[in-house]
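below are the sequence and a predicted model for it; my questions follow.
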Amino acid sequence: MQDKFINLYDFVDFAAANRKYPENTANNLKSALKIFEKELNAEELKSIDMVKDSVEEIFRSLVIANKDKSIVSLNTYKARLLKVIKDYKKYGVEPGKMQGWTVETKQSTPLLIKKDKTDKKNINLSNFIPEPVHKIDLSFDYGVAQISIPKKLTAKDAETIKSILDSLTNKS
């Protein structure tokens, strides 16, 4: 019996439900599956092994079909596809093995430690952003910014964020 490409979607959902992939990672992995799925022929859709064996050829077709996307972005999709296939082969073929799957946690980096120039106070947010986070994209007249904040935010941290943003406004 061959494992069909569509099984990868179910695997990602199952792994996310079992806390092996954070929700945002699962969504990113499914996006990679969708973009590659458009380039697969009928035989490749029937066999994950065939997709894995032909990934470079499929990737070339993907690049040609997505000239509007950067090569860096497309390479990220390819890496995600290969990750799903690898994880599926290791834990999806026999779902009982998922119990032994230990998730690698990424080391968080400090969010922001800034000295305010006006009152010389240390503005100090929580030292680390726990997973998962909200990502907020903001568009302004003079550029774009992305803010990442923890889903569980204390009132003190929210006030600190507000203070930082207030200190950045042009008061002239």
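The structure has been received and is ready for your questions. Numbers count the residues shown, from 1 in each chain.

what about the nearest residue to Glu37 once chain neighbours are set aside, how many neighbours?
Using CB to CB, 6 or more residues apart in numbering and skipping residues adjacent in sequence, the residue nearest Glu37 is Phe5, 6.4 Å away. The way it works is simple: take the backbone N, C-alpha and C, and place the C-beta from them, glycine included. For Phe5, the count of nearby residues is 20 (other CB atoms under 10 Å).

check Asn66 too.
16.

and if you look at the one 3 residues further on?
By other CB under 10 Å, the residues close to Lys69 number 14.

so which bits of stretch 69-87 are buried?
Within stretch 69-87, the residues scored as buried using 16 or more other CB atoms under 10 Å are 74, 77-78, 80-81, 84-85, 87.

dump those to TSV, plus secondary structure and pLDDT.
Output for these, formatted as TSV (DSSP: H, G, I helix; E, B strand; the rest coil; pLDDT from 0 to 100):
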residue	secondary structure	pLDDT
Leu74	helix	93
Tyr77	helix	95
Lys78	helix	95
Arg80	helix	96
Leu81	helix	96
Val84	helix	95
Ile85	helix	95
Asp87	helix	94
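
okay if I get those residues as CSV plus distance to Val63?
Output for the buried residues of stretch 69-87, formatted as CSV (distance: CB to CB, whole Å):
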residue, distance to Val63
Leu74, 6
Tyr77, 10
Lys78, 10
Arg80, 15
Leu81, 14
Val84, 19
Ile85, 19
Asp87, 24
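
what about the residue nearest to Glu37, distance to Ala155?
Look at Phe5 and Ala155: by CB to CB, to the nearest Å, they are 47 Å apart.

please report how far the residue nearest the centre of the chain lies from Val84.
The chain has Thr25 as the residue nearest its centroid, 4.0 Å off, counting by CA atoms, centre = their mean. Here Thr25 is placed at a distance of 10 Å from Val84 (CB to CB).

likewise for Leu8?
With CB to CB as the criterion, Leu8 and Val84 are 5 Å apart.

got it, and Lys38?
Lys38 is 16 Å from Val84, by CB to CB.

pLDDT score assigned to the residue nearest to Glu37?
With respect to pLDDT, Phe5 scores 94.

how about Lys171?
62.

with that, I have no additional questions.
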